[in-house]
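A.B. asks: what's the 3D shape of this:
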Amino acid sequence: MGEGFRNKNKRLISRINFKSLLSLLSPLSLIRRPGDHKTRRPRIIKILRMSIQKIEVPVMAEVFARGEKPEYLFWVGCAGAFDDRYKKVARAFTKILTHLNVSFAVLGKEESCTGDPARRAGNEMLYQMQALQNIEVLKNYEVKKILTICPHCFNIFKNEYPDLGGNYEVIHYTQFLDSVIKEGKLKLSRDSISGKAVTYHDPCYLGRANEIYSEPRNIINALTGNLIEMKRSKSFALCCGAGGAQMFKEAEKGDKEVFIERIEDALETGASVIATACPFCMTMMTDGIKYKNKEEEIKNYDIAELIVMDLDI
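C.D. replies: You can find the predicted model right below:
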């Protein structure tokens, strides 16, 4: 048996989800049932196809070395890279970009923090060090357009990096998705969450800071047609409680934490899904759901995740 054949099969096996595979080989799975001769093989093929599915994410250094220049840099952000929950959102948006055959790449190990938390916490020197380092990296790759999934990254790239010489076309992913839906490039089935009541929490740095209110709502309406607004929404929306570097410190003295006040706004709508578009907001909304013991009744999903559910990709 050739070395190439062994290596190829080793790679294939390493990508198989063995839990799914072993469930097919358990004693119960080997009991023959009526109609098994018609349904068993397709089920096995479907599970293997789902288990082996893999998306290759282009890395800027490798793409640039081939003489290619992606249209977009997808800035993953600290949460998308390190937070287990928000990694799912980064993967979801990557799936959508791949589904649309968008020309994009990520920086990978060359990506650093934008410096937003440092500046919000008052460490201006650290912010400028991080920002200038990032600007130099982006300059080397001739980056013109940046896609972000974090409103904090979006805001600082768009409104604060220009002061240090970093000028880019910065696009939050909700703006991007709204535009491709309107252009007919992204077609939604509305099968997965159609009719479900969804409420949307406005991130401060997306809403009040940058006046992006309609795009997320357009996407949710395209998905479900049943968007229920909280009593405090859009420019009057209450903060989730994590902005301004509050995410990284203990709550200050008071009668009630902000995230509890905000989750109560969401619960009053009666919606079964709370949609978010920010990693900090997702953390606080999820904590609020747990605090109120509503995990079984209410789910918190990012808008990118809702689209992936609809597309079944």
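A.B. asks: What sits closest to the residue nearest to the spatial centre of the chain if chain neighbours are left out?
C.D. replies: For the chain, the residue nearest the mean C-alpha position is residue 89 (2.5 Å; C-alpha atoms, centre = their mean). Take residue 89 and drop its neighbours on the chain: the residue closest to it by C-beta to C-beta, 6 or more residues apart in numbering is residue 302, 4.4 Å away. (Each C-beta comes from the backbone N, C-alpha and C, glycine too.)
A.B. asks: Dig out what that neighbour forms beta bridges with.
C.D. replies: residue 276 (DSSP bridges).
A.B. asks: residues near it, how many?
C.D. replies: Neighbour count of residue 302, defined by other C-beta atoms under 10 Å: 25.
A.B. asks: so it touches residue 92, yeah?
C.D. replies: Yes. Taking contacts as C-beta atoms under 8 Å, residue 302 lies within contact range of residue 92: 6.9 Å.
A.B. asks: so who does residue 210 touch?
C.D. replies: Applying C-beta atoms under 8 Å, 6 or more residues apart in numbering, we find residue 210 in contact with 151, 154-155, 158-159, 172.
A.B. asks: For PyMOL, write the select line for the buried members of these.
C.D. replies: Selecting only the buried entries of the contacts of residue 210 in PyMOL, with 16 or more other C-beta atoms under 10 Å as the criterion:
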select buried, resi 151+154+155+158+172
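A.B. asks: what's the most distant pair in the contacts of residue 210?
C.D. replies: 159 and 172 (12.4 Å; C-beta to C-beta).
A.B. asks: excluding its backbone neighbours, what's nearest residue 199?
C.D. replies: Using C-beta to C-beta, 6+ apart, the nearest residue to residue 199 is residue 271, at 3.9 Å.
A.B. asks: any idea how far residue 291 is from residue 110?
C.D. replies: Counting by C-beta to C-beta, to the nearest Å, the gap from residue 291 to residue 110 is 38 Å.
A.B. asks: Then residue 141?
C.D. replies: From residue 141 to residue 110 the distance is 9 Å (C-beta to C-beta).
A.B. asks: Give me the common contacts of the two.
C.D. replies: Joint contacts of residue 141 and residue 110 (C-beta under 8 Å, 6+ apart) are residue 60.
A.B. asks: about what we covered before: residue 79: which of the contacts of residue 210 is nearest?
C.D. replies: For the contacts of residue 210, the nearest to residue 79 is residue 151 (10.9 Å; C-beta to C-beta).
A.B. asks: Is residue 73 located within a helix, as I assumed?
C.D. replies: No. Per DSSP: H, G, I helix; E, B strand; the rest coil, residue 73 lies outside any helix segment and is strand.
A.B. asks: close enough to count as contact, it and residue 103?
C.D. replies: No. Residue 73 is beyond contact range of residue 103, at 10.6 Å (criterion: C-beta under 8 Å).
A.B. asks: more neighbours, these two?
C.D. replies: residue 73 (23 against 13).
A.B. asks: Quick check, pLDDT for the residue nearest to the centre of the chain.
C.D. replies: Note for residue 89: predicted pLDDT of 97.
A.B. asks: what's the answer for residue 31, then?
C.D. replies: The predicted local confidence for residue 31 is 35.
A.B. asks: do the same with residue 310
C.D. replies: For residue 310, pLDDT reads 93.
A.B. asks: residues touching it, list them.
C.D. replies: So residue 310 contacts 188-193, 223 (C-beta under 8 Å, 6+ apart).
A.B. asks: where do the helices sit along the stretch 101-250 of the chain?
C.D. replies: 116-120, 124-140, 151-159, 173-182, 214-223 (DSSP state H, counting those that start in this stretch).
A.B. asks: What distance do you get for residue 210 to residue 92?
C.D. replies: 22 Å.
A.B. asks: mind giving me the domain split of the chain?
C.D. replies: 60-178, 188-311 (automatic domain parsing).
A.B. asks: got the ones you listed as JSON lines, with distance to residue 54 columns?
C.D. replies: Shown next, in JSON lines, are the domains of the chain (distance: least, C-beta to C-beta, whole Å):
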{"stretch": "domain 60-178", "distance to residue 54": "11"}
{"stretch": "domain 188-311", "distance to residue 54": "15"}
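A.B. asks: where among these is the average confidence lowest?
C.D. replies: domain 188-311 (a mean of 92).
A.B. asks: So for it, first residue to last residue, what's the gap.
C.D. replies: 7 Å (C-alpha to C-alpha, to the nearest Å).
A.B. asks: now it, how far from the centre of its chain.
C.D. replies: Per C-alpha atoms, centre = their mean, to the nearest Å, the displacement of domain 188-311 from the mean C-alpha position of its chain is 13 Å.
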